[in-house]
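Trainee: sequence first, then the predicted structure:
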There are 2 protein chains.
Amino acid sequence: MKDPKSDIRQDIHNSDVPEICRSCEARHKGVCGALNPAQLAALAKQTTRREITEGTELIAADEPVASYSNIMSGVVKLSKLLADGRQQIVGLQFAPDFLGRPLKADSRIAAEAATTVRLCSFPKTTLERMMKEAPGLEHKLLEQALNELDEARDWMVTLGRKSAREKIASFLYLIAVHIDPEVDDLTDGGCSFDLPLTRADIADFLGLTIETVSRQLTKLRQQNIITIANNRHITVPDINLLRECCEG
Amino acid sequence: MKDPKSDIRQDIHNSDVPEICRSCEARHKGVCGALNPAQLAALAKQTTRREITEGTELIAADEPVASYSNIMSGVVKLSKLLADGRQQIVGLQFAPDFLGRPLKADSRIAAEAATTVRLCSFPKTTLERMMKEAPGLEHKLLEQALNELDEARDWMVTLGRKSAREKIASFLYLIAVHIDPEVDDLTDGGCSFDLPLTRADIADFLGLTIETVSRQLTKLRQQNIITIANNRHITVPDINLLRECCEG
DNA sequence: CGCCTTATTGAACCCCATCAATATCTGTGG
DNA sequence: CCACAGATATTGATGGGGTTCAATAAGGCG
């Protein structure tokens, strides 16, 4: 069932991996993990790496886009807009996530750099050609899509059924888990991180107003569940206390 | 790059399609569309078809499940539960959707028959084996996952940013589009359908209470945007009026 | 018809939004 | 280093949309 030629290719020595790919996270946990050195080299020829400043629009809703990207560092926010200006952030993406809507010209979702972001971009057509040659690529995309679907559905519970306090706690916990690789659902102890979003963005992510976000953060601070420095830097002395706030 | 053997298989005459698959929607729009007649026949040997009554639990959250299914008719609701009993419905599935969480043992989501449901089920292991033989299967799964992701994100806007009235209108519109195949985003005129959910389910889908759902339905009725018969049957004289209610 | 479930309607309350004022941060230039 | 200005965040007062609690009505099925 397997093409023997590709087996040979995959045995090519690691030194054939393009230099820029060697230390890239996307090659291990990201979509590029599905490519062999020769395919990586072919893709690398077409890639452009960019550092993008906070606030830059990466993908406009409704506009067809000609390239996909891997996020190498930073945080990207995905958002949707209603006609009257109300906004909802529908997802956050971190390294080494794949950015773009496969199998469709327009995503109907806007993507914006929430922090400084480094991207590794390549033409849509190149990736689509490779999807036919390397079925593992499609598998990686399926994995990410299903993970994002799980996350989106988790967040629907937060949006639909949680109080403002629980929403804020859930948000802080989400960021803690994604920013600090040491933290996961079982961790004890404390952690600290910078918020990748402004209060306005947090409000748009949680379906709240800026004022409510601010008030609830203040309350969590007064109850010693978090400390805040310079508005953006959060310290969580005991992650379990925060976790308890996520569901009442 | 292509395995010539599979090309031959795909040219096998249509009469080799298993009888039970011939009139099945999943073979056209669903995942089975990726299988050739021989593969369909192999899968058909392992499938069981069941008719399931409203209210039956199909998948329990956290419990590993040994089979996947195609929905042949009816509506399945996917829901999540908080520890204190608060519930959020995170998705609705219609024929010919694929039911189950690929690539993972437990889905952390409960699935329940919202109406009478007919399923075509097959062992997980069988499908996983076929995914390796027929890359098109994975492609179909990716398509559905991305569609569900789009839908989930659309709904996040509804949950996070819309008023109760807009939520109810959005829900009615969603059902109209999915139940009546004639209706889509561009349709004019009217339509009518049965609600597949109770008021309690609608509330859990929209992040509201039963009472609010009821009050908003009453208001829409008083404004002649809908009529209601027997609590469940909705008639929409002008779908455009309803559409306008979805965003204010 | 009678019972039970499901849905509607009413009244009071509360959480969060809104509007408004003040405070803090950040970066720039004197 | 400080002063200033604009953006960002906090805090306060008030009001409204949706929840909660409670009672009534309507549907569904024996």
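Mentor: The structure has been received and is ready for your questions.
Trainee: what ranges do the helices span in chain A?
Mentor: Ranges of helices within chain A are A:4-10, A:19-22, A:37-46, A:124-133, A:135-161, A:164-179, A:199-206, A:210-222, A:239-245, based on DSSP state H.
Trainee: I'd like those helices as CSV, with mean pLDDT and distance to residue B:133 appended.
Mentor: Quick note: C-beta positions are derived from backbone N, CA and C, even for glycine. Formatted as CSV, these follow (pLDDT from 0 to 100; distance: least, CB to CB, whole Å):
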stretch, mean pLDDT, distance to residue B:133
helix A:4-10, 47, 16
helix A:19-22, 90, 30
helix A:37-46, 94, 22
helix A:124-133, 93, 17
helix A:135-161, 97, 11
helix A:164-179, 97, 36
helix A:199-206, 98, 42
helix A:210-222, 98, 51
helix A:239-245, 97, 43
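Trainee: residues contacting residue A:29?
Mentor: Listed by CB atoms under 8 Å, 6 or more residues apart in numbering or on different chains, the contact set of residue A:29 reads residue A:96.
Trainee: leaving out the residues flanking it, which one is nearest to the residue nearest the centre of chain A?
Mentor: By CA atoms, centre = their mean, chain A has its centre lying nearest to residue A:93, at 1.3 Å. Distances taken as CB to CB, 6 or more residues apart in numbering or on different chains put residue A:76 closest to residue A:93, at 4.4 Å, once the chain neighbours are dropped.
Trainee: contacting residues for the residue nearest to the centre of chain A?
Mentor: So residue A:93 contacts A:71, A:75, A:76, A:77, A:78, A:99, A:111 (CB under 8 Å, 6+ apart).
Trainee: got these as TSV, with pLDDT, distance to DNA strand D and neighbour count columns?
Mentor: Below are the contacts of residue A:93 laid out as TSV (pLDDT from 0 to 100; distance: CB to the nearest atom of the strand, whole Å; neighbours: other CB atoms under 10 Å in any protein chain shown):
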residue	pLDDT	distance to DNA strand D	neighbour count
A:71	97	22	24
A:75	97	14	25
A:76	98	18	24
A:77	98	14	21
A:78	98	19	24
A:99	98	23	21
A:111	97	19	25
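Trainee: closest to DNA strand C among those?
Mentor: Nearest to DNA strand C among these is residue A:75, at 17.1 Å by CB to the nearest atom of the strand.
Trainee: may I see the contacts of residue A:93 organised as CSV, with distance to residue A:40 added?
Mentor: Listed next are the contacts of residue A:93 as CSV, based on distance: CB to CB, whole Å:
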residue, distance to residue A:40
A:71, 18
A:75, 26
A:76, 23
A:77, 29
A:78, 27
A:99, 18
A:111, 25
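Trainee: with those in mind, which one is nearest to residue B:23?
Mentor: Set against residue B:23, the nearest of the contacts of residue A:93 by CB to CB is residue A:78 (39.7 Å).
Trainee: from residue A:206, how far out is the residue lying closest to the closest one once chain neighbours are set aside?
Mentor: Closest residue to residue A:78 apart from its sequence neighbours, by CB to CB, 6+ apart: residue A:91 at 4.1 Å. Distance of residue A:91 to residue A:206, given as CB to CB, to the nearest Å: 13 Å.
Trainee: chain A - how does it break down into domains?
Mentor: By the assignment in automatic domain parsing, chain A contains the domains A:7-135, A:156-245.
Trainee: closest one to residue B:139 among those domains?
Mentor: With CB to CB as the yardstick, what comes closest out of those is domain A:7-135 (8.4 Å).
Trainee: re earlier: okay if I get the helices of chain A as JSON lines plus mean neighbour count and distance to residue B:202?
Mentor: Below are the helices of chain A laid out as JSON lines (neighbours: other CB atoms under 10 Å in any protein chain shown; distance: least, CB to CB, whole Å):
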{"stretch": "helix A:4-10", "mean neighbour count": "12", "distance to residue B:202": "51"}
{"stretch": "helix A:19-22", "mean neighbour count": "12", "distance to residue B:202": "50"}
{"stretch": "helix A:37-46", "mean neighbour count": "17", "distance to residue B:202": "47"}
{"stretch": "helix A:124-133", "mean neighbour count": "15", "distance to residue B:202": "39"}
{"stretch": "helix A:135-161", "mean neighbour count": "21", "distance to residue B:202": "12"}
{"stretch": "helix A:164-179", "mean neighbour count": "20", "distance to residue B:202": "22"}
{"stretch": "helix A:199-206", "mean neighbour count": "22", "distance to residue B:202": "23"}
{"stretch": "helix A:210-222", "mean neighbour count": "16", "distance to residue B:202": "26"}
{"stretch": "helix A:239-245", "mean neighbour count": "17", "distance to residue B:202": "29"}
